[in-house]
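**Student:** Pasted the sequence and its predicted model underneath.
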Amino acid sequence: MNWKERRKMKQLNKWQSIVFLVGGALMVIGAGCFALMFHQEIACWVFTVGALMFVAMQAEQRYDGNDITIRRLRRILLFACFLFLLSAALMVDTVHHFMLPWFDNVETYIQYAYNKWVITLLAAAIVEVYATHRLSHEFAKLKANHNNIHE
């Protein structure tokens, strides 16, 4: 099996890349404005739209190869996507309190849901950075192995 066959990560086209980058930028703008308490009722939706765009494009980048390490890293990236979406839901909840009826009292709600978007966003960012770094390392290793074989 050659390197091209093992490297079956679907690349985004030009428009998908733009959506991916705009989504990431909206997430940063939304989270920054929200953390600085600048129009939080709008910032939470800016972050949510950005997260949806970012996650949709990241899910679009499929891996159809058989390298088990890359498949595992893709699953880790999908977990980070879930955490980004959970962060968006928790951020919207911090402003609109839609989860409040699910809890027995306000103290329990504050303990488990209110402002917890920070924790899930931090976890998502750490997982995203780790998996992206490892993926690029794995693809570089595949390419190096391919070049060594054909020298």
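**Tutor:** That came through, no problem. Predicted model only: the values in this text are computed from it and were never measured.
**Student:** Where does the residue sitting nearest the centre point of the chain fall, secondary structure wise?
**Tutor:** Closest residue to the average C-alpha location of the chain: Cys81 at 3.6 Å, with Cα atoms, centre = their mean. Secondary structure assignment for Cys81, by DSSP states H and E: helix 68-96.
**Student:** what's the answer for Arg134, then?
**Tutor:** helix 117-149.
**Student:** quick revisit: follow the chain on from the helix holding Cys81 and name the next helix or strand.
**Tutor:** Next along the chain after helix 68-96, taking DSSP H and E as the criterion, comes helix 106-112.
**Student:** what does that following helix contact?
**Tutor:** His97, Met99, Leu100, Trp102, Phe103 (Cβ atoms under 8 Å, 6 or more residues apart in numbering). C-beta coordinates here come from the backbone N, C-alpha and C atoms, glycine included.
**Student:** Show me the shaky parts of the chain.
**Tutor:** Counting by pLDDT under 70, the chain contains low-confidence ranges at 1-8, 146-151.
**Student:** And Tyr63, how far from Thr132?
**Tutor:** 13 Å (Cβ to Cβ, to the nearest Å).
**Student:** Name the residues of stretch 100-120 that are buried.
**Tutor:** Tyr109, Ala113, Tyr114, Lys116, Trp117, Thr120 (16 or more other Cβ atoms under 10 Å).
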